[in-house]
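**Student:** Kindly return the folded structure for what I paste below:
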Amino acid sequence: YLEIAKDHLAESGVFVQWINSTFIDAPLLRSLAATLLDQFSYVRLYQPTPTTLLFLASEESLETERLFGEDADQVLGENRAHYSILGVNSAEDLLVSLNVTTEGLKEFAANAPLMTDDHNRMAMHRPFSGASLTYEELFALLSPYDPLLRKGSFFLRPDSEFDLAYVGERLISSGFAERAAALAESAPGTSLSHVIDGIGFRYAGLSDASTQALRLAVRVDSENQQAKYALVWPFLGQLVEGVAPQEMVDRVDQLSDSALSVVRGWGLAHERNWSGLAAMDRILSEVKPTDFWFQEATKLRADRRIQGGVSADLSAEALGMLDQAIIVNSLTDLLVIRAAAAIRLKDPNMFVETASVIAGQIEESLDRQSEGALVITDRHLVTTQRRIAGFLGQLSSGFVSSVPSRAGEVRQRFLELQARLNSDVQ
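**Tutor:** Residues are numbered from 1 along each chain as shown. Have a look, this model is predicted:
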């Protein structure tokens, strides 16, 4: 089969094999890798989600992987809109999904039996073995070959320009906590290690532990702007209200101009000073996708266009910005603004479906809190209650009358969330 598929490929064509780890065990995975390597010169394994595996096989190196070399800016510059739709706004975004290179797969699959049409181990072996690999088992199996974790890796060289703090944050937000922890452990005592620890603690709702880890990151490397901003970020609301701890007020002055623009922009948005925020649009637009403050910069730019704009064109422009950021990290704050854009654009379908995603995120947070895996602060709880009330209002309005069935389903989810929150508070 692979020989026939290969014959049908163009000279620079790519054969893609999808497999979910719940369908296989370790021997099958090794055989699948060995079979692809038997036919193709280049085979690498990507892992876009914890249990989703993509083998990319070709006779030439992938055009996309030019992002890992000196041509990264040129590749993105020529095709930025295309890659953005796929969630790739930087070389680091691709690196997050790259799990094993060709060299690593050759080691991993060494001496594994090949799969053939007359002895297809995928068809014959799995039904009797009950094969299945959890994400944790998959990580243990593949981590020795992971280019992000292997000593001497191209990505870990001292002169590497890859922003590994951003990579760590992306791994955590995408469900690869073990891989992020291993990345932190590969550089013990470094600023990078402390930053990844701090982000991990934050995702678990452990704010004090997160702050302490990020303080250590700044202490180890006083020039680490990612660490400095991450330390200040939880206090943005208190900073604009004038009630932040003095330590955080002082730390704001240590931020780069780019990060500082977000803090100042947050204050202008709080005051609803849209003209002042418009004057800052240029510097906000220059924030790099790998900067920890990119999501907030996007939020400010989009919010100004929706809340302070008067035309549908501005709202459509804001929607494009939001979707570029959301596909990488679907933060609830960004989704809430997306819902506002849907109202401005008079698109009830977009509003209802965006609301549904937000409901799912709230449900997941409450489930994690019940399991003891997340601590929800009182401040966040109040914000969540206010948002639920707002969505219930819109989902009960004439705005969604063209999609009554779906709006009713989503409204019911918000009603159940409201009751659940009220019960927890009591």
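**Student:** Tell me the buried residues in the host helix or strand of Asp38?
**Tutor:** Here Asp38, judged by DSSP states H and E, is contained in helix 26-39. For helix 26-39, a neighbour-count test (16 or more other C-beta atoms under 10 Å) marks 26, 28-37, 39 as buried. C-beta here means a position set from N, CA and C on the backbone, and glycine is covered the same way.
**Student:** Counting by contacts, list what it packs against.
**Tutor:** Here helix 26-39 touches helix 2-8, strand 14-20, strand 42-49, strand 52-58, helix 102-108, helix 121-124, helix 135-142, going by 3 or more C-beta pairs under 8 Å, 6 or more residues apart in numbering; DSSP states H and E.
**Student:** between it and strand 14-20, how big is the angle?
**Tutor:** 180 degrees (axes from the mean of the first three to the mean of the last three C-alpha atoms, to 10 degrees).
**Student:** picking that back up, would you turn the helices and strands packed on helix 26-39 into JSON lines with mean pLDDT, mean neighbour count and distance to Ser160?
**Tutor:** Formatted as JSON lines, the helices and strands packed on helix 26-39 follow (pLDDT from 0 to 100; neighbours: other C-beta atoms under 10 Å; distance: least, C-beta to C-beta, whole Å):
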{"stretch": "helix 2-8", "mean pLDDT": "91", "mean neighbour count": "11", "distance to Ser160": "34"}
{"stretch": "strand 14-20", "mean pLDDT": "94", "mean neighbour count": "14", "distance to Ser160": "26"}
{"stretch": "strand 42-49", "mean pLDDT": "94", "mean neighbour count": "20", "distance to Ser160": "19"}
{"stretch": "strand 52-58", "mean pLDDT": "96", "mean neighbour count": "20", "distance to Ser160": "23"}
{"stretch": "helix 102-108", "mean pLDDT": "95", "mean neighbour count": "17", "distance to Ser160": "18"}
{"stretch": "helix 121-124", "mean pLDDT": "68", "mean neighbour count": "14", "distance to Ser160": "38"}
{"stretch": "helix 135-142", "mean pLDDT": "94", "mean neighbour count": "17", "distance to Ser160": "21"}
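**Student:** out of the ones you listed, which comes closest to Arg170?
**Tutor:** Across the helices and strands packed on helix 26-39, Arg170 has its closest neighbour in strand 42-49 (11.6 Å, C-beta to C-beta).
**Student:** partner strands of that closest one, parallel or antiparallel?
**Tutor:** strand 52-58 (antiparallel), strand 98-100 (antiparallel) (DSSP bridges).
**Student:** Distance to Leu392 for the helices and strands packed on helix 26-39 - can I get that in a markdown table?
**Tutor:** Shown next, in a markdown table, are these (distance: least, C-beta to C-beta, whole Å):
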| stretch | distance to Leu392 |
| --- | --- |
| helix 2-8 | 52 |
| strand 14-20 | 37 |
| strand 42-49 | 31 |
| strand 52-58 | 35 |
| helix 102-108 | 50 |
| helix 121-124 | 48 |
| helix 135-142 | 35 |
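**Student:** Export only the CA atoms of the helix holding Asp38, formatted as PDB.
**Tutor:** What follows is helix 26-39 as a C-alpha-only set of coordinates in PDB (Å, rounded to 0.1, in the frame of the first residue of the first chain):
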ATOM      1  CA  ALA A  26       4.100   0.100  21.900                       C
ATOM      2  CA  PRO A  27       5.000  -2.800  19.500                       C
ATOM      3  CA  LEU A  28       2.400  -1.600  17.000                       C
ATOM      4  CA  LEU A  29       3.600   2.000  17.100                       C
ATOM      5  CA  ARG A  30       7.200   0.800  16.600                       C
ATOM      6  CA  SER A  31       6.100  -1.300  13.600                       C
ATOM      7  CA  LEU A  32       4.200   1.500  12.000                       C
ATOM      8  CA  ALA A  33       7.200   3.800  12.300                       C
ATOM      9  CA  ALA A  34       9.500   1.100  10.900                       C
ATOM     10  CA  THR A  35       7.200   0.500   8.000                       C
ATOM     11  CA  LEU A  36       7.100   4.200   7.000                       C
ATOM     12  CA  LEU A  37      10.900   4.500   7.400                       C
ATOM     13  CA  ASP A  38      11.300   1.500   5.100                       C
ATOM     14  CA  GLN A  39       9.600   3.400   2.300                       C
END
